[in-house]
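Undergrad: Generate coordinates for the sequence data below:
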Amino acid sequence: MSVLGHVFDTLAAMSLLQLLLAFMGCMGYALAQGGLLASGGRQLAGATAVGAAVAFTLLFITLHLAAMRNEIMRRRVRTLMLTQAERA
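TA: Model (predicted):
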């Protein structure tokens with residue numbers, strides 16, 4: 001699979017909120033660095049890019065912790081089911 005194919009697969013797996021935060025971050029960075037806006041607009045665009053990056057990071061951490069919790073629960077349930085099957 002090509003690099004672009006991997007990018008498309010990653011984008012297809014992302015939620016709408018993740019895509020929105022990534023878009024806001026990229027557009028804010030482009031506007032802040034591109035010189036298309038006045039000084040105040042560039043500062044606002046930069047702040048938007050930083051805010052979107054922080055929100056994306058916090059969302060990733062939350063989703064990662066939830067996935068870890070689900071894996072722990074799955075293993076516990078499997079162990080309990082095997083223990084009950086051995087007793088029966």
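
Undergrad: Every contact and neighbour count from this point should use C-alpha atoms.
TA: OK.

Undergrad: for this protein, what's the longest helix?
TA: With secondary structure taken from DSSP state H, the chain has its longest helix at helix 39-87.

Undergrad: from the chain's centre, how far out does it sit?
TA: Remark: helix 39-87 is offset 8 Å from the chain centroid, using Cα atoms, centre = their mean, to the nearest Å.

Undergrad: where's L16 relative to F23, distance?
TA: L16 sits 10 Å away from F23, taking Cα to Cα, to the nearest Å as the criterion.

Undergrad: out of the two, which sits in the busier spot?
TA: Counting neighbours by other Cα atoms under 10 Å for L16 and for F23 shows that F23 has the greater number, 14 against 11.

Undergrad: Backbone dihedrals for the closest residue to A55 other than its chain neighbours, both of them.
TA: By the measure of Cα to Cα, 6 or more residues apart in numbering, the closest residue to A55 outside its immediate chain neighbours is L21, 7.3 Å from it. The main-chain torsion angles of L21 are listed as degrees, to the nearest 10 and equal phi -70, psi -40.

Undergrad: Need the contact partners of the one helix or strand in the chain whose mean pLDDT sits lowest.
TA: Confidence across the helices and strands of the chain bottoms out at helix 3-13, with a mean of 84, counting by mean pLDDT, DSSP states H and E. Counting by Cα atoms under 8 Å, 6 or more residues apart in numbering, the neighbours of helix 3-13 from elsewhere in the structure are L19.
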